[in-house]
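> Fold the following and give me the result.
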Amino acid sequence: MSPEQGRRERNKLDKQERIFAAASELFGADGYEGVTTQRIAERAGVTNGTLFRYAANKAELLLMVMNSEFAARIAEGREAIASEPAAEPATRIVALLAPIARGSRDPHENTTHYQRELLFGEPTERYRAEGLALTETLQREIADLLSGRVSGRPGNADTNNQPARADAPPVGEAAVDDDATLAARAISNVLHLEIARAALEGASPDDLTATIARQVDLISSGYLRSRHPLTPDASLTESPTKEDNS
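Residues are numbered from 1 along each chain as shown. Below you'll find the predicted structure:
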């Protein structure tokens, strides 16, 4: 790369960072509806034409900002589950999702528009594709927690997110099965639907997290029971004693 090309690339990156910072600040302060692309351009020190080279419209600017926040909250959740490797899968899944749930309420208007763009935005939008990829990443990590590919139960993987050891006790297979993928998708859907419901009803972050936790427990319990059926209660199958026959 020539010095001139390097300078152009640095200028391009500088403008992108300024646009991102301006959009993030204004959306955070005034919400999606209270911000215009003109205000973002002015705050970033660029023209409208320059701004539209980096994002086609205000919705793409929101996707750009919210994708970054979504990724940061997933990373925060990963740190949380790493601190409790022996906890039940449902507990660890809630720890992974809690930062996303809490962050969705501040301000919830942005999250509502973000969800709408992810679901119904233009298929060719770059930032929509990045947001959907983050959602798929989250679903895979939930499936990993359910099937034991991340440290803790039931697959006995180690604390560095490595697959279970070959000599681990046969608590369950470490590979992610179709049911784990479906259960993870159901949990992801619960997350997004409850976030939308909380925005409509004005639920607090704590109430939202508790509601998600109850549903995660139901879904994960059903999945784990299907993998490890309960054995009959010995007390119900043992032979009658002499006292019982007397």
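
> Name the helix or strand of the protein that has the lowest mean pLDDT.
When each helix and strand of the chain is scored by mean pLDDT, DSSP states H and E, helix 234-237 comes last, with a mean of 46.

> give me the low-pLDDT residue ranges for the protein?
The model of the chain has pLDDT under 70 over residues 1, 150-175, 228-246.

> Sticking with residue 106, tell me its helix or strand.
Here residue 106, judged by DSSP states H and E, is contained in no helix and no strand.

> let me fix that: residue 5
Going by DSSP H and E, residue 5 is in helix 3-30.

> how far is that helix from where the chain is centred?
26 Å (Cα atoms, centre = their mean, to the nearest Å).

> which of the residues in that helix are buried?
Across helix 3-30, burial judged by 16 or more other Cβ atoms under 10 Å covers 15, 16, 18, 19, 20, 22, 23, 24, 26, 27. Every C-beta, even on glycine, is put in place using the N, C-alpha and C of the backbone.

> what's the spacing between residue 92 and residue 66?
25 Å (Cβ to Cβ, to the nearest Å).

> That should have said residue 144, apologies.
Plainly put, residue 144 is 24 Å away from residue 66 if you go by Cβ to Cβ.

> These two: which has the busier surroundings?
residue 66 (26 against 20; other Cβ atoms under 10 Å).

> for that one, helix, strand, or coil?
What DSSP: H, G, I helix; E, B strand; the rest coil gives for residue 66 is helix.

> who's in contact with it?
110, 111, 114, 131 (Cβ atoms under 8 Å, 6 or more residues apart in numbering).

> Save these as JSON lines, and put in neighbour count, secondary structure and distance to residue 190 too.
Below are the contacts of residue 66 laid out as JSON lines (neighbours: other Cβ atoms under 10 Å; DSSP: H, G, I helix; E, B strand; the rest coil; distance: Cβ to Cβ, whole Å):
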{"residue": "110", "neighbour count": "22", "secondary structure": "helix", "distance to residue 190": "21"}
{"residue": "111", "neighbour count": "24", "secondary structure": "helix", "distance to residue 190": "15"}
{"residue": "114", "neighbour count": "24", "secondary structure": "helix", "distance to residue 190": "17"}
{"residue": "131", "neighbour count": "22", "secondary structure": "helix", "distance to residue 190": "18"}
